[in-house]
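Asks: dropping the sequence and predicted coords here.
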Amino acid sequence: MIKLLFLPVRLIMKPILLAMEHTLRPAPIQRPAERQAEVDAETKGLTLYQFRACPFCIKVRRNIRRLNLDIEKRNANENPQYQEELIDGGGRWQTPCLRIEKDGKYEWLYESSDIIDYLNKKYAA
């Protein structure tokens, strides 16, 4: 019953959140071309599982844009394969989730603040 009450709120808020994300985009940091190429190569092993209108996912995507990172984004709300990957690999149906590939193994990082901290430590300088 309560879930049904939130449906109209979500329908109203979704276009507002997406419009705000688009209009209030942070400027990406500029790096020398060589360093940007290195960062792009490093981020090939990162995948963000997210929902388009999730406020926490928007927060992470804004930080990804600010850091000028080329990270694959997978909409786990619209693609059953991505939902399955998220649950099988990460162990829970929660977004945002950053999948980090290291030496052929995957680490799954949940919580928007933890994801942002991780990305800032690696790529903010």
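Replies: That came through, no problem. Numbers count the residues shown, from 1 in each chain.
Asks: show me the contacts for the residue most central in space within the chain.
Replies: The residue lying closest to the centre of the chain (C-alpha atoms, centre = their mean) is Leu48, at 4.1 Å. If you count contacts by C-beta atoms under 8 Å, 6 or more residues apart in numbering, Leu48 has them with 57, 60-61, 64, 71-74, 96-99, 115. (Glycine included, C-beta is placed from N, CA and C.)
Asks: and if we set it to 7 Å?
Replies: Val60, Ile71, Lys73, Arg74, Pro96, Leu98 (C-beta atoms under 7 Å, 6 or more residues apart in numbering).
Asks: what does Gly91 give?
Replies: Taking C-beta under 7 Å, 6+ apart as the criterion, Gly91 is in contact with no other residue.
Asks: now do stretch 73-82: everything it contacts.
Replies: Judged by C-beta under 7 Å, 6+ apart, the contacts made with stretch 73-82 from elsewhere in the structure are Thr47, Leu48, Tyr49, Gln50, Phe51, Arg52, Gln83, Leu86, Thr95.
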